[in-house]
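S.K.: need a 3D model of the following:
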Amino acid sequence: GFEEVDFELEPVAAARYFELTLSNPQTAVVFDFGGGTLDITIMKLGDPAHRQIYAVGGIGIAGADFDRLIIQNHLLEYFGKHQVQDPEIDRWIDAIADWQVIPEMATPKVREKIWQVMKHSRHEIRLKALEALIFNNLAFSFYNKVESAKITLSEQPAALIHMKQDDIRIWELLTRLQFETDLKFYREQIQACLMDTL
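M.R.: So this is what the prediction gives:
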């Protein structure tokens, strides 16, 4: 039923929404940290006739990257990282840090290779966990637990990642200090992007 539809850049749209709450003109920094990117906009708001964009900036870092870091640095060993001595399996274990890859891995070839290595491995439990994650539709539950821990660490000094489903057994306590240490490189890039935009 809309007669006119306009598209707007996300941070500018967020700024215009914020503008609805203003009673006086002001300059605002919009820090739009989403799931895939960080977008920054500096705008004069509060008077639509004189609205002005002063600067825009952005970087390809966001929430999904933080989730990936938690998985890479703290959870891959539950699936056999540094334990299973097979280069192909090791690549697959690394790949589970990216949620988009899991569905592509659910092939007969992958399952057969996991079974083959499992027969001769002392780490059968870890390989069963890897198989369950890939083939039992548990990736969504796994990533939700990681994201929940990340959110908890925004306000709490520690978060527990606990998952007990099928053959997956995860119990990992992650502290805010560990999380901040993991994020140091990203934090520095975000800070540089913000300062460049300002």
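S.K.: contacts and neighbour counts: CA atoms only from here.
M.R.: Fine.
S.K.: now the end-to-end length of stretch 129-143.
M.R.: With CA to CA, to the nearest Å as the measure, stretch 129-143 spans 15 Å from end to end.
S.K.: and it, how far from the chain's centre?
M.R.: 17 Å (CA atoms, centre = their mean, to the nearest Å).
S.K.: buried sites along that stretch?
M.R.: Ala129, Leu130, Glu131, Ala132, Leu133, Ile134, Phe135, Leu138, Ala139, Phe142, Tyr143 (16 or more other CA atoms under 10 Å).
S.K.: can you give me the helices in the chain?
M.R.: Taking DSSP state H as the test, the helices found in the chain are 10-19, 63-70, 87-95, 102-105, 108-119, 124-135, 139-152, 176-182, 184-197.
S.K.: was I right to think Met43 contacts Phe31?
M.R.: No - Met43 lies out of contact with Phe31 (CA atoms under 8 Å); the separation is 11.4 Å.
S.K.: quick one, which of the two is more surrounded?
M.R.: Met43 (21 against 17; other CA atoms under 10 Å).
S.K.: how about the nearest residue to the more buried one, chain neighbours excluded?
M.R.: Leaving aside its sequence neighbours, Met43 sits nearest to Ile53 (CA to CA, 6 or more residues apart in numbering; 4.4 Å).
S.K.: now tell me which helix or strand of the protein has the poorest mean pLDDT.
M.R.: Lowest on mean pLDDT, DSSP states H and E among the helices and strands of the chain sits helix 10-19, with a mean of 89.
S.K.: show me what that one is packed up against.
M.R.: Contact analysis of helix 10-19 by 3 or more CA pairs under 8 Å, 6 or more residues apart in numbering; DSSP states H and E lists strand 26-33, strand 38-45 as its packing neighbours.
S.K.: contacts for it?
M.R.: Ala28, Val30, Phe31, Asp32, Asp39, Ile40, Thr41, Met43, Leu45, Gly46 (CA atoms under 8 Å, 6 or more residues apart in numbering).
S.K.: now swap in stretch 102-116 and tell me
M.R.: With contacts defined as CA under 8 Å, 6+ apart, stretch 102-116 is touched by Ile89, Trp92, Ala95, Ile96, Leu127, Glu131, Ile134, Phe135, Ala139.
S.K.: list the contacts for the residue most central in space within the chain?
M.R.: With distances taken as CA atoms, centre = their mean, the residue of the chain nearest its centroid is Ala64 (1.6 Å). Ala64 is in contact with Gly35, Gly36, counting by CA under 8 Å, 6+ apart.
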